[in-house]
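Undergrad: Sequence first, predicted coordinates after that:
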Amino acid sequence: MRVLIVEDEEDLSRALAKGLRREGYAVDIAVDGLTGWELADTNDYDVILLDINLPELDGISLCQRIRQSSHHNDVFILMLTARNHPDEVEEGLDSGADDYLRKPFVFNELLARIRALLRRSSSVKSPVLQFDQLTLNSKTKEVWFENVLLSLTKKEFGLLEYLLLHPGEVISSERLLEHVWDIHADPLSSTVRVHINSLRRKLSYHDPEAGERYIQTVQGYGYKWALSTTAKKEDTT
């Protein structure tokens with residue numbers, strides 16, 4: 001999943017980015033409100049961590065601007081604030097934030113809140129995603145398939161998690177690139193296809209065709225996680 005951190009305390013933003021990347025998230029950073037708006041307006045993020053006290057454009061105004069933009073209205077916004085007055089927290093939530101976290105906070109609580117926000121966009125409300133013989137735990141970062149613990153890279157895990165959160169939905173390579181990689185990813189590269197093929201090979205541990213049955217290619221459109229692997233397999237070239 002892709003996260004934007006808008007935080008003017010650079011030590012904090014770098015520490016948060018390092019921790020989130022270690023957990024497999026793709027992360028971009030903005031140190032002021034205007035830069036945050038430019039990134040939020042041009043990229044497709046899953047979660048925005050937004051400080052309230054920002055230079056150039058404060059967090060409340062930035063949150064309102066994002067919510068007024070129909071293209072990005074579905075992004076989850078988690079406000080980070082050192083303010084403790086109930087009226088100020090209420091103002092942040094009323095501006096369009098989905099949740100808030102008071103500074104200082106424990107990093108594991110931040111992770112839990114991000115996972116909870118991401119589950120809101122899915123019919124699955126547990127951190128454990130399960131389909132047939134596959135189980136993915138977004139908290140422990142473990143994937144079990146046919147009783148075998150798979151060894152996945154962070155990007156492979158991110159791709160699999162995103163597909164499982166949108167089962168049966170055709171997802172383009174561009175959309176996968178937007179949500180699993182950061183701003184430095186090359187949109188013209190074959191990165192997504194290479195990682196999809198690697199993920200398929202790992203799912204084919206016992207059955208050579210398992211990977212292509214579960215992760216299907218919809219020619220000209222993208223990929224989807226098959227709701228039923230008994231259905232006729234689509235073109236997976």
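TA: It's in.
Undergrad: Just the residues contacting the one helix or strand in the chain whose mean pLDDT sits lowest, thanks.
TA: Sorting the helices and strands of the chain by mean pLDDT, DSSP states H and E puts helix 86-94 at the bottom, at a mean of 80. Helix 86-94 is contacted from outside by 52, 59, 60, 63, 79, 81, 83, 100, using Cβ atoms under 8 Å, 6 or more residues apart in numbering. (C-beta placed from N, C-alpha, C; glycine too.)
Undergrad: TSV please, covering those residues and showing neighbour count.
TA: Formatted as TSV, these follow (neighbours: other Cβ atoms under 10 Å):
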residue	neighbour count
52	25
59	25
60	21
63	27
79	27
81	19
83	16
100	19
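Undergrad: Among the residues you listed, name the ones in strands.
TA: 79, 81, 100 (DSSP state E).
Undergrad: Any chance of JSON lines for these, columns pLDDT?
TA: Formatted as JSON lines, those follow (pLDDT from 0 to 100):
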{"residue": "79", "pLDDT": "93"}
{"residue": "81", "pLDDT": "84"}
{"residue": "100", "pLDDT": "89"}
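Undergrad: who's in contact with the host helix or strand of residue 36?
TA: With secondary structure defined by DSSP states H and E, residue 36 is part of helix 33-42. If you take Cβ under 8 Å, 6+ apart as the criterion, helix 33-42 is touched by 4, 6, 28, 30, 48, 50, 54-59, 61-62, 65-66, 69, 71-72, 75, 183.
Undergrad: Please indicate which of the residues you listed are buried?
TA: 4, 6, 28, 30, 48, 50, 54, 57-59, 62, 65-66, 72, 75 (16 or more other Cβ atoms under 10 Å).
Undergrad: Select from those every entry located in strands.
TA: Using DSSP E, the buried ones among the contacts of helix 33-42 in strands are 4, 6, 28, 30, 48, 50.
Undergrad: Lowest pLDDT pick from the buried ones among the contacts of helix 33-42?
TA: pLDDT is lowest at residue 72 among the buried ones among the contacts of helix 33-42; the value there is 67.
Undergrad: What values do phi and psi take at residue 153?
TA: phi -70, psi 170 (degrees, to the nearest 10).
Undergrad: Low-confidence regions, the chain specifically.
TA: Across the chain, residues meeting the criterion (pLDDT under 70) sit at 70-72, 84-85, 121-126, 188, 228-237.
Undergrad: Just give me the neighbour total for residue 110.
TA: Look at residue 110: counted by other Cβ atoms under 10 Å, it has 17 neighbours.
Undergrad: follow-up on the earlier one: between the buried ones among the contacts of helix 33-42, which is closest to residue 189?
TA: residue 28 (18.1 Å; Cβ to Cβ).
Undergrad: Isn't the closest one up against residue 183?
TA: Yes. Between residue 28 and residue 183 a contact is recorded at 4.8 Å, counting by Cβ atoms under 8 Å.
Undergrad: Mind listing the shared neighbours of the two?
TA: 39, 43.
Undergrad: Residue 104 and residue 9, how far apart?
TA: 11 Å (Cβ to Cβ, to the nearest Å).
Undergrad: Could you do residue 39 as well?
TA: Distance from residue 39 to residue 9, by Cβ to Cβ: 17 Å.
Undergrad: between those two, who's got more neighbours?
TA: A side-by-side neighbour count of residue 39 and residue 9, using other Cβ under 10 Å, places residue 39 first with 18 against 15.
Undergrad: can I assume residue 142 is in contact with residue 148?
TA: No. Assessed by Cβ under 8 Å, residue 142 is found out of contact with residue 148, at 11.3 Å.
Undergrad: on that earlier part again, gap between the least confident helix or strand of the chain and the chain center?
TA: Put simply, helix 86-94 sits 26 Å off its chain's centre (Cα atoms, centre = their mean, to the nearest Å).
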